[in-house]
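> Return atomic coordinates for the entry below.
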Amino acid sequence: MSEEENKKTSPSLGSTQAKTPDQEARLKAEILRSKLRTVKGLNENFTGEETMGWLVRMDDSALSADETIMPGKLLDASQMTMPVLMDILFDSLERYSFEFNKKNEFTVNCLRPDGFQEKVDHFNRRKFRFMRGHLSSDEYSMVFYATDSAVDVYIIPTDFLVGFDPDESDFPSFLTFKKLSVQDSSSWGIDRTKISLDEFPRVCRRLLGQIIKVTRGEAVSTDKFSFSSSQKEE
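Numbers count the residues shown, from 1 in each chain. As a prediction, this is how the structure comes out:
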């Protein structure tokens, strides 16, 4: 087989069986509907007493602002791709960090992913795509490293942010969003545990709250995510 033929027949990592134009159009439409439904839910939870209460507790102590995440139904029952998940995550993270930055002693910068990046796996002799975004303070950063089937979240010193590669570091992950298969559909959970769509705003507040706690010295960077709040655990 020629090199050109090999290029045509070898699928890239995360590729799926070719779809017809009609199938592609239906899938894109479903992804858009999925995001619109999710963003609608986020908007409903973003404003109001719940968010204001969280901000007040953050002023007092990030520990007291922790919220318990309740396992439940899958995040979404449709074909939610990793880019859609990252988009939804950073929609909320941007808004919550903006509100936090209005009146606090330090700021948390939010940089959403700027499309796909490509990495070569020399051991397996293949390339794969990933996306990366982060939250960062002057001292610590929370990195979201996303592949087709998982989004790993790391807390690292900001000095290590530029060029951070989880495969070449010893930093443990704080949590992992995993792609879960349900019959013919796929969805996402946290550390393989199902979560309710209604809990998603709390998940984003917990993520932002964790980098705030670590920056304030109220937590350590090697802490692991727990579905229960620190208050409940005590």
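> just the helices in the protein please.
3-9, 21-46, 49-60, 82-101, 200-216, 230-233 (DSSP state H).
> Kindly provide the whole-number mean pLDDT of the second one.
If you average the pLDDT over helix 21-46, you get 54.
> Next: stretch 203-213.
Mean predicted confidence for stretch 203-213 is 94.
> In that stretch, which residues are buried?
By 16 or more other CB atoms under 10 Å, the buried positions in stretch 203-213 come out as Val203, Cys204, Arg205, Arg206, Leu207, Leu208, Gly209, Gln210, Ile211, Ile212, Lys213. Just so you know, the C-beta spots here come from the backbone N, C-alpha and C atoms, and that holds for glycine as well.
> got TSV for the residues you listed, with distance to Arg95 too?
As requested, those are exported to TSV (distance: CB to CB, whole Å):
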residue	distance to Arg95
Val203	14
Cys204	9
Arg205	11
Arg206	15
Leu207	13
Leu208	10
Gly209	14
Gln210	17
Ile211	15
Ile212	15
Lys213	20
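> Show me which of these is closest to Ser228.
The shortest gap between Ser228 and any of the buried residues of stretch 203-213 belongs to Arg206, at 10.8 Å (CB to CB).
> mind checking how far that closest one is from Ser137?
16 Å (CB to CB, to the nearest Å).
> same thing with Trp188?
Taken as CB to CB, the span from Trp188 to Ser137 is 27 Å.
> Between these two, tell me which one has more neighbours.
Trp188 (22 against 17; other CB atoms under 10 Å).
> which residues does that one bridge with?
Listed beta-bridge partners, Trp188: Lys179 (assigned using DSSP bridges).
> what about the protein, any weak spots by pLDDT?
1-79, 122-124, 182-186, 196-197, 229-234 (pLDDT under 70).
> Pretty sure Arg225 sits against Asp191.
You called it Arg, but residue 225 is Phe. Yes - counting by CB atoms under 8 Å, Phe225 does reach Asp191; the two are 7.2 Å apart.
> Please enumerate the shared neighbours of these two.
Leu175 (CB atoms under 8 Å, 6 or more residues apart in numbering).
> can you give me the end-to-end distance of stretch 210-227?
Stretch 210-227 stretches 13 Å from its first residue to its last (CA to CA, to the nearest Å).
> Tell me the buried residues in that stretch?
So, applying 16+ other CB under 10 Å, buried residues of stretch 210-227: Gln210, Ile211, Ile212, Lys213, Val214, Thr215, Arg216, Ala219, Ser221, Phe225, Phe227.
> Tell me the one among these nearest to Asp114.
For the buried residues of stretch 210-227, the closest approach to Asp114 (CB to CB) belongs to Ile211, at 20.1 Å.
> quick one: contacts for the closest one?
Contacts of Ile211 by CB under 8 Å, 6+ apart are Val108, Leu135, Ser136, Ser137, Tyr140, Ser141, Met142, Ile155.
> filter the residues you listed to the buried ones?
Val108, Leu135, Ser136, Ser137, Tyr140, Ser141, Met142, Ile155.
> Tell me the one of these nearest Ser181?
Distances from Ser181 to these, taken by CB to CB, are shortest for Met142, at 27.5 Å.
> residues contacting the closest one?
So Met142 contacts His134, Leu135, Ser136, Val153, Tyr154, Ile155, Phe174, Leu207, Gln210, Ile211 (CB under 8 Å, 6+ apart).
> now Lys224
Pro172, Phe174, Leu175.
> Skip the chain neighbours and tell me the closest residue to the first one.
If I follow you right, that is Pro172. Thr222 (6.0 Å; CB to CB, 6 or more residues apart in numbering).
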